[in-house]
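Novice: can't give you the sequence, but here's the structure:
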């Protein structure tokens with residue numbers, strides 16, 4: 001299972017990818033983010049579910065460890081840009 005640090009950085013940088021355009025409230029932040037918490041966590045889109053997204057879209061392209069590594073790497077980059 002992917003261990004999320006729940007910093008909210010991924011939810012405050014949706015403007016970095018067109019994939020998340022429907023969730024963007026207009027300033028790059030997810031319209032469902034309250035503080036660092038997702039207000040629709042149990043019903044969040046599949047793209048916000050790291051483990052389920054891997055199973056549906058990426059398991060034939062890369063290993064789970066590599067997928068987790070890439071997610072953690074991007075998380076770190078997003079946190080560093082927020083200062």
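Specialist: Okay, I see it. Owing to the predicted nature of the structure, the values given are computational and were not obtained by experimental measurement. Numbering: from 1, shown residues only.
Novice: what residues are up against the residue nearest to residue 9 when sequence neighbours are not counted?
Specialist: Nearest residue to residue 9, sequence neighbours excluded (CB to CB, 6 or more residues apart in numbering): residue 78, at 4.0 Å. Any C-beta I mention is one placed from the backbone N, CA and C, and that applies to glycine too. By CB atoms under 8 Å, 6 or more residues apart in numbering, the residues touching residue 78 are 9, 10, 12, 13, 16.
Novice: Doesn't residue 78 belong to a helix?
Specialist: Yes: counting by DSSP: H, G, I helix; E, B strand; the rest coil, one finds residue 78 located in a helix.
Novice: can you map out the helices along the chain?
Specialist: 50-53, 64-82 (DSSP state H).
Novice: Which one of those lies nearest to residue 40?
Specialist: helix 50-53 (14.9 Å; CB to CB).
Novice: Could you list the residues in contact with the closest one?
Specialist: Helix 50-53 is touched from outside by 1, 2, 4, 46, 47, 67, 68, 71, with contacts defined as CB under 8 Å, 6+ apart.
Novice: again, only this time at 7 Å
Specialist: Residues from elsewhere that reach helix 50-53 (CB atoms under 7 Å, 6 or more residues apart in numbering): 1, 2, 46, 47, 71.
Novice: Next, the buried residues of the lowest-mean-pLDDT helix or strand in the chain.
Specialist: For the chain, counting by mean pLDDT, DSSP states H and E, helix 64-82 ranks last in confidence among helices and strands (a mean of 91). With burial defined by 16 or more other CB atoms under 10 Å, the residues of helix 64-82 counted as buried are 67, 68, 71, 75, 78.
Novice: How about stretch 51-59?
Specialist: 53, 54.
Novice: From residue 60, how far out is residue 36?
Specialist: As judged by CB to CB, to the nearest Å, residue 36 and residue 60 stand 33 Å apart.
Novice: Cool, thanks, talk later.
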